[in-house]
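Student: Build me a model from this:
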Amino acid sequence: MKRKVTKAVFPVAGLGTRFLPATKSIPKEIMTLVDRPLIQYAIDEARAAGIKEFIFVTSRGKGALEDYFDHAPELENSLRKKGKTELLATLKSTNMDSGAIAYIRQHKALGLGHAVWCARRLIGNEPFAVILPDDVIAAEKPCLQQMVEAYKETGGCMVAAMEVPPEKASAYGVLDVKEDMGSMVSVRGMVEKPSVESAPSNLAVIGRYILTPQVLKNLNQIKQGAGGEIQLTDAIAQEIEADRDVYGYRFRGQRFDCGSKAGYLQATVAFGLARDELRDELASYLDEMKASRKAAQ
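Tutor: Predicted coordinates for the structure are as follows:
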């Protein structure tokens, strides 16, 4: 019997060095797209997928991230007195119930696999999701919800996947496809950051996973892999070697790499244009920018 996925791990221990100096004082995960922090998009996606327990793998200096999900009584009272009910509702949607959220420290930056392994005692013997907040996915039906619905049919392990240009495959974990069934592919192997020549496909793994507790046992035994880190893909690849099912899921939606400056700016524009109250003004500004660049050429 396949169990429901109710726990999710959010690896947020990274230092965010690509966004210095901003990340000197604030965790990258609470940098905003329009007016919501990156982590809020991840939490909302998890909630839509039925996640009830949220496990954050953090590191020193992430106190502001923990505070973000706490209640803010003074601010709430101020908004209540001023009759700002819409803002009050927005604020309350960021609160997490007592006990719904847990924080685990990753003391050494030993990679994604190690971050997930740090949460093993809270996960126990249940299937669980992993969400990387850097990967923000705009979709009508949230990406993890799509995957949970597909997982009910398949069980096993599942990774979100998307086609990338072959020359960019070396920046990702890449799937070696056994059988292509459209939105779902069964996987023969996974290669972390392959060279352009050795990439088995251009189907790249994106930061959403549904994993069995066996993956945690695999992580127990793994030595450091690519880049001197403990790779999550290596632990999932062990499932394939043991002849257990691993699937890639081609999600419907647009993924933004908010771990890079260019991706973050692209996401800011895309999410701004998706907002009714911002669309006209922002689109007009972009048109003006385009026209002035054309004139300058």
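Student: From now on I want contacts and neighbour counts done on CA atoms only, so please keep to that.
Tutor: Noted.
Student: export the helix or strand where Arg80 lies as CSV, just CAs?
Tutor: Following DSSP states H and E, one finds Arg80 within helix 73-81. Extracted C-alpha coordinates of helix 73-81, given in CSV (Å, rounded to 0.1, in the frame of the first residue of the first chain):
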residue,chain,number,x,y,z
PRO,A,73,1.3,40.1,17.3
GLU,A,74,2.2,43.8,17.3
LEU,A,75,2.0,44.1,13.5
GLU,A,76,-1.3,42.1,13.5
ASN,A,77,-2.8,44.3,16.2
SER,A,78,-1.7,47.5,14.3
LEU,A,79,-3.3,46.3,11.0
ARG,A,80,-6.5,45.2,12.9
LYS,A,81,-6.9,48.7,14.6
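Student: What mean pLDDT does that helix get?
Tutor: Taken as a whole, helix 73-81 has a mean pLDDT of 85.
Student: cool, and stretch 284-297?
Tutor: Mean predicted confidence for stretch 284-297 is 84.
Student: try stretch 24-42
Tutor: Stretch 24-42 comes out at a mean pLDDT of 88.
Student: now do stretch 50-61
Tutor: Mean predicted confidence for stretch 50-61 is 87.
Student: Quick one: end-to-end distance for it.
Tutor: 30 Å (CA to CA, to the nearest Å).
Student: same question, stretch 123-136
Tutor: Calculated as CA to CA, the first-to-last residue distance of stretch 123-136 is 24 Å.
Student: element containing the closest residue to Leu33 other than its chain neighbours, please.
Tutor: Computed as CA to CA, 6 or more residues apart in numbering, the closest residue to Leu33 that is not its neighbour in sequence is Thr268, at 5.2 Å. Taking DSSP H and E as the definition, one finds Thr268 inside helix 261-273.
Student: now swap in Tyr249 and tell me
Tutor: strand 246-250.
Student: Quickly run through the sheet partners of that strand, with directions.
Tutor: strand 157-163 (parallel), strand 184-192 (antiparallel) (DSSP bridges).
Student: can I get the ones you listed in a markdown table with mean pLDDT and distance to Ala102?
Tutor: Shown next, in a markdown table, are those (pLDDT from 0 to 100; distance: least, CA to CA, whole Å):
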| stretch | mean pLDDT | distance to Ala102 |
| --- | --- | --- |
| strand 157-163 | 92 | 24 |
| strand 184-192 | 85 | 29 |
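Student: Surely Pro194 is in a helix?
Tutor: No. If the criterion is DSSP: H, G, I helix; E, B strand; the rest coil, then Pro194 is coil and not within a helix.
Student: all helices for the stretch 51-200 of the chain, in order.
Tutor: 63-68, 73-81, 85-92, 112-118, 120-123, 143-154 (DSSP state H, counting those that start in this stretch).
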